[in-house]
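In: I'll drop the sequence and a predicted model, then ask my questions.
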Amino acid sequence: MHTEKEMPKHIAVIMDGNGRWAKKRNKPRLYGHREGAKAFEALIENCNDLKIPYLTVYMFSTENWKRPAEEVSGIFGLLEELYLKKINKLIKNDVRLHFIGNLSALPDSTQKTIQACEEKTKQCRSIQVNVAINYGGRDEIKAGVKALIEAGVKSDEVTEEVISSYLYTKDIPDPDLVIRTSGEMRLSNFLTWQTAYSELYFTDTLWPDFDKEELIKAVTYYQNRDRRFGGIAKEDSHA
Ligand code: FPP
């Protein structure tokens, strides 16, 4: 990683592979999620150290309800645990927590935890961590279009900026870099609108093993990309 080269301002992460990590060790899936939550905490600290201002993680998708009820409630339970055990450390480290997704469909206790996380960290500015829960990219676009119509936006007023402003991620810059662990090479309905120009980084490492060294590898990959946004390479622009 080159500290003098441009750093990503927003990293989005699909934290995949907790189940396989646990299976390899003959442990229940929730044990893998628990280790995954530790890797998430470390990721926040590492991104904060690298002065990356935005981080978004995929914690629970609109499709994850298909998992056994015990696993679903276990994942939500980890969020409550994170709040109870780590909120003071997060505040001290100036970490702002924000949640995106269809939050009103979550269990009451999870909604309360989310509100408490947001309320307690609302003054924090070093890094904003967006946690996607009950999130789906298509669901987000559908909800945004409905809201836009209900607000009376006229068809000739619809621009990309207007659409962006009706998404859960309004006021958050698009991700520069998306990381997915565990060898799967797809976006799985994550930030569908926002990742149009993102660089994509895939690694076989399972999420609980994703450490600072892995993050630096991903950032280095990003720094070596030539981001053209549909234009031409910088060195060719004098022709
Ligand atoms: C993907 O692994 C992981 C999830 C669906 C859950 C992500 C949750 C965590 C990392 C815990 C984070 C906790 C907090 C508090 C943010 P998988 O279960 O799909 O793994 P597999 O593909 O190997 O089965």
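Out: In hand now; what should we look at? Residues are numbered from 1 along each chain as shown.
In: Name the residues of this protein found near the ligand, please.
Out: Within the chain, the positions near the ligand by C-beta under 6 Å from any ligand atom are 15-20, 33, 36-37, 40, 59, 64, 75, 78-79, 82, 131, 182, 207. Every residue, glycine included, has its C-beta placed from N, CA and C.
In: out of those, which are inside helices?
Out: Applying DSSP state H to those, the entries found in helices are 18-20, 33, 36-37, 40, 75, 78-79, 82.
In: Please pick the buried ones from those.
Out: 18-20, 33, 36-37, 40, 75, 78-79, 82 (16 or more other C-beta atoms under 10 Å).
In: CSV for the residues you listed, including pLDDT?
Out: Output for these, formatted as CSV (pLDDT from 0 to 100):
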residue, pLDDT
18, 98
19, 98
20, 98
33, 98
36, 98
37, 98
40, 98
75, 97
78, 97
79, 96
82, 96
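In: Turn these into TSV, columns for distance to residue 101.
Out: Output for those, formatted as TSV (distance: C-beta to C-beta, whole Å):
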residue	distance to residue 101
18	19
19	21
20	24
33	17
36	18
37	18
40	16
75	13
78	16
79	12
82	16
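In: rewinding a little: quick check, nearest of the ones in helices among the residues of the chain next to the ligand to residue 165?
Out: Of all these, residue 165 sits closest to residue 79, with 27.4 Å by C-beta to C-beta.
In: Tell me which residues touch the closest one, please.
Out: By C-beta atoms under 8 Å, 6 or more residues apart in numbering, the residues touching residue 79 are 59, 110, 113-114, 131, 133.
In: cool, residue 16 as well?
Out: Counted by C-beta under 8 Å, 6+ apart, residue 16 has contacts 180-182, 184, 206-207.
In: Output the residues you listed in a markdown table, with pLDDT and neighbour count appended to each entry.
Out: Formatted as a markdown table, the contacts of residue 16 follow (pLDDT from 0 to 100; neighbours: other C-beta atoms under 10 Å):
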| residue | pLDDT | neighbour count |
| --- | --- | --- |
| 180 | 98 | 23 |
| 181 | 98 | 26 |
| 182 | 98 | 20 |
| 184 | 96 | 13 |
| 206 | 98 | 24 |
| 207 | 98 | 29 |
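In: nearest residue to the residue in the chain that the ligand sits nearest to other than its sequence neighbours?
Out: Per C-beta to the nearest ligand atom, residue 19 is where the chain lies closest to the ligand, at 2.5 Å. The shortest distance from residue 19 to any non-neighbouring residue, by C-beta to C-beta, 6 or more residues apart in numbering, is to residue 29 (4.6 Å).
In: can you pull the contacts of the closest residue to residue 78 other than its chain neighbours?
Out: Closest residue in space to residue 78, ignoring its immediate chain neighbours: residue 37 at 4.8 Å, by C-beta to C-beta, 6+ apart. By C-beta under 8 Å, 6+ apart, residue 37 lies in contact with 78, 81-82.
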